[in-house]
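*Asks:* A predicted structure for the sequence below; I have some questions about it.
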Amino acid sequence: MAIHLAPISSLFSFDKPSSPPESSGKILSFLLLCFFFSPRKSVMASGTRSHIGDSIPTFEAQNLLKEPEKEVCSFDNADIAALQASGAFPVGTIIRPFDREVRSDFSSNEWVCFLAYPFSIGLRYPFPAFISRFFELTGLRYAQTMPMVWRVLVTLDQIRSRFIPNLCIEDLPMAYRLRSHGNSRFLLFSTSKNPLVLKATKNEEKWQRKFFFVKRDSITGGFDLPVKWLTSANFKDLAPPSAESDSRIKSIYQLPESERTFPLSFASSSQRSSSDMSAPVKAPEVFDLDELDSYSAPIPVKKEPSPKAPTSSRPSSSKEVTTPKPPPATRTRACSAWKRKETDSPAISEAFPYENYGFNEASGFMTSFLNQGLERLMFLYEDACGLNKMLEIKLKKAEETIADQGMIAAAKSKHYEDKFKAMTQEH
């Protein structure tokens with residue numbers, strides 16, 4: 001799989017003259033050189049054309065960023081190559097090379113801006129239908145959507161696929177409202193003190209600087225994506241709730257907190273693209289460690305009679321069948337695993353679809369699963385560091401308090417000693 005980068009070598013192509021130019025030709029060549037090699041800032045102020053000579057509109061700065069110098073793109077060509085290797089986009093997708101001069105609020109009819117964050121949590125383009133519906137209704141651009149919105153949408157898409165299949169975007173205004181959080185970027189602000197999705201508001205460092213541009217005609221629905229950023233949005237007007245919305249939101253609140261907490265073990269709906277979601281979800285595409293619980297104790301299995309088995313006069317007991325010896329235990333576990341595959345467990349190819357998707361795409365599922373585990377470990381590590389820091393601060397305050405109390409006690413002791421000496425000298 002290869003994602004082609006937009007060519008930049010064709011920006012400056014000059015034909016070598018066959019004969020020495022005249023004086024007028026020299027002047028014309030000088031003017032052309034001045035035009036092509038003028039400072040880029042002046043060019044970017046009015047717009048930047050990706051290919052000279054094309055009739056495609058240039059980039060236009062919307063000037064919505066209050067401090068654009070602090071949001072210079074940091075997603076370089078090495079990051080683009082890593083994204084290409086992850087299978088985040090279909091084959092043939094054209095990604096614009098790294099350019100420090102462009103900003104995330106630049107608009108173009110040729111290019112569309114993507115944030116790197118949604119792909120870091122396992123999403124691929126085209127996004128799942130539930131998430132795509134959110135952007136279709138609101139008209140928000142991907143680049144003006146804060147990370148917490150992606151966390152909420154991914155978690156709710158997981159809940160929809162596992163528990164509430166009729167959950168829709170029009171239900172969300174019952175629990176959230178769209179709120180602008182500076183620079184015309186939006187988040188989902190909870191209307192209740194108890195948020196619908198937990199642990200979705202953690203800070204993501206420098207996410208605004210990790211963005212890139214994709215050519216619209218190289219992706220599905222590229223020309224349907226918005227061109228300009230929205231500056232205001234009313235969630236209820238854009239996605240009017242229905243009469244059943246309130247009951248569906250209450251159903252989510254009734255789920256265990258672990259099921260509506262980010263991060264979680266994503267089901268296939270959040271891992272796959274929308275083109276892979278036509279069939280109903282039967283099992284998660286990641287290996288669930290809870291599956292190992294069934295192997296913690298031997299499983300009673302009915303033994304098959306063997307003609308070569310020696311007969312014994314000793315009566316057989318149920319204990320011997322329930323708790324077999326080590327060699328039969330290995331066969332018992334294998335047989336149980338084989339039975340689970342036939343009854344209620346997915347086949348290996350369903351958990352890691354090498355056969356259906358090939359090694360490169362299947363490795364994307366596994367890499368995403370490992371990334372989620374690492375993200376969870378990092379989250380726990382950050383919590384532990386925060387707790388450690390808090391305890392250190394409390395310990396330091398306690399030490400200062402003890403030192404102050406010691407000084408006060410020493411001063412009081414000296415005061416009473418002096419008073420006692422004065423009384424002794426008087427008598």
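*Replies:* Sure, I can see it.
*Asks:* Return the list of helices and strands in contact with the helix of greatest length in the chain.
*Replies:* Ordering each helix of the chain by length in residues (DSSP state H) puts helix 354-426 first. Using 3 or more CB pairs under 8 Å, 6 or more residues apart in numbering; DSSP states H and E, no helix or strand is in contact with helix 354-426. All C-beta spots, glycine's among them, are computed from the backbone N, C-alpha and C.
*Asks:* what about Ile159, neighbour count?
*Replies:* 23 (other CB atoms under 10 Å).
*Asks:* what sits against it?
*Replies:* Applying CB atoms under 8 Å, 6 or more residues apart in numbering, we find Ile159 in contact with 167, 252, 255, 259-260.
*Asks:* Now do the same for the longest helix of the chain: mean pLDDT, whole number.
*Replies:* Averaged across helix 354-426, pLDDT comes to 81.
*Asks:* Just give me the neighbour total for Leu377.
*Replies:* Around Leu377 there are 10 residues (other CB under 10 Å).
*Asks:* got it, and the one 3 residues further on?
*Replies:* Other residues near Leu380 number 10, with proximity taken as other CB under 10 Å.
*Asks:* roughly how far apart are the residue lying closest to Glu71 once chain neighbours are set aside and Glu257?
*Replies:* Nearest residue to Glu71 in three dimensions, chain neighbours excluded: Gln208, at 5.0 Å (CB to CB, 6 or more residues apart in numbering). Distance, Gln208 to Glu257, using CB to CB, to the nearest Å: 30 Å.
*Asks:* And for Ser161?
*Replies:* Taken as CB to CB, the span from Ser161 to Glu257 is 19 Å.
*Asks:* one step back: what's the PyMOL line that selects buried ones from the contacts of Ile159?
*Replies:* In PyMOL syntax, the buried subset of the contacts of Ile159 is picked out as below (16 or more other CB atoms under 10 Å):
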select buried, resi 167+252+260
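*Asks:* Take the contacts of Ile159 and lay them out in CSV including distance to Tyr142.
*Replies:* Converted to CSV, these look like this (distance: CB to CB, whole Å):
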residue, distance to Tyr142
Leu167, 22
Ile252, 25
Leu255, 28
Glu259, 27
Arg260, 24
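*Asks:* Turn the contacts of Ile159 into a markdown table, columns for pLDDT.
*Replies:* Output for those, formatted as a markdown table (pLDDT from 0 to 100):
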| residue | pLDDT |
| --- | --- |
| Leu167 | 96 |
| Ile252 | 96 |
| Leu255 | 95 |
| Glu259 | 92 |
| Arg260 | 93 |
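*Asks:* Out of the contacts of Ile159, which comes closest to Val197?
*Replies:* When these are compared for distance to Val197 (CB to CB), Arg260 wins out at 5.6 Å.
*Asks:* got the contact list for the nearest residue to that closest one once chain neighbours are set aside?
*Replies:* With CB to CB, 6+ apart as the criterion, Arg260 has its nearest non-adjacent residue at 5.6 Å, and that residue is Val197. Applying CB under 8 Å, 6+ apart, we find Val197 in contact with 151-152, 155-156, 260-262.
*Asks:* Same list (the residues you listed) but as CSV, adding secondary structure and distance to Asn77.
*Replies:* As requested, those are arranged in CSV below (DSSP: H, G, I helix; E, B strand; the rest coil; distance: CB to CB, whole Å):
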residue, secondary structure, distance to Asn77
Arg151, helix, 28
Val152, helix, 31
Thr155, helix, 32
Leu156, helix, 34
Arg260, helix, 38
Thr261, strand, 36
Phe262, coil, 31
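*Asks:* can you list the domains in the chain?
*Replies:* 68-276, 289-301+320-351, 359-427 (automatic domain parsing).
*Asks:* Out of those, which one sits most buried?
*Replies:* domain 68-276 (a mean of 18; mean count of other CB atoms under 10 Å).
*Asks:* Is the closest residue in space to Asp217 that isn't next to it in sequence part of a helix or strand, or is it coil?
*Replies:* Nearest residue to Asp217 in three dimensions, chain neighbours excluded: Phe223, at 7.1 Å (CB to CB, 6+ apart). Under DSSP: H, G, I helix; E, B strand; the rest coil, the three-state class of Phe223 is helix.
*Asks:* hang on, isn't Phe223 packed against Arg216?
*Replies:* Yes - look at Phe223 against Arg216 with CB atoms under 8 Å: they come within range, at 5.2 Å.
*Asks:* low-confidence ranges in the stretch 201-350 of the chain?
*Replies:* 264-350 (pLDDT under 70).
*Asks:* what do you get for the stretch 51-200 of the chain?
*Replies:* Those would be 51-57, if you go by pLDDT under 70 across the stretch 51-200 of the chain.
*Asks:* on that earlier part again, make CSV from the domains of the chain and add distance to Ala61 to it.
*Replies:* Supplementary listing: these in CSV, determined by distance: least, CB to CB, whole Å:
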stretch, distance to Ala61
domain 68-276, 6
domain 289-301+320-351, 47
domain 359-427, 34
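*Asks:* wait, which of those is closest to Phe59?
*Replies:* Nearest to Phe59, of those and by CB to CB, is domain 68-276 at 4.4 Å.
*Asks:* of all the contacts of Ile159, which two lie farthest apart?
*Replies:* Leu167 and Glu259 (13.0 Å).
*Asks:* So which residues of the protein form strands?
*Replies:* Assigned by DSSP state E, the strands in the chain fall at 60-61, 106-107, 111-115, 176-180, 186-190, 211-215.
*Asks:* Same list, those strands, but as TSV with distance to Thr367 please.
*Replies:* Output for the strands of the chain, formatted as TSV (distance: least, CB to CB, whole Å):
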stretch	distance to Thr367
strand 60-61	36
strand 106-107	31
strand 111-115	19
strand 176-180	31
strand 186-190	28
strand 211-215	19
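*Asks:* Determine which of those strands approaches Ala239 most closely.
*Replies:* strand 176-180 (9.4 Å).
*Asks:* who does the closest one pair up with?
*Replies:* With DSSP bridges as the test, strand 176-180 is paired with strand 186-190 (antiparallel).
*Asks:* which outside residues touch the strand it pairs with?
*Replies:* 140, 144-146, 148-149, 152, 172, 175-181, 196, 230, 233.
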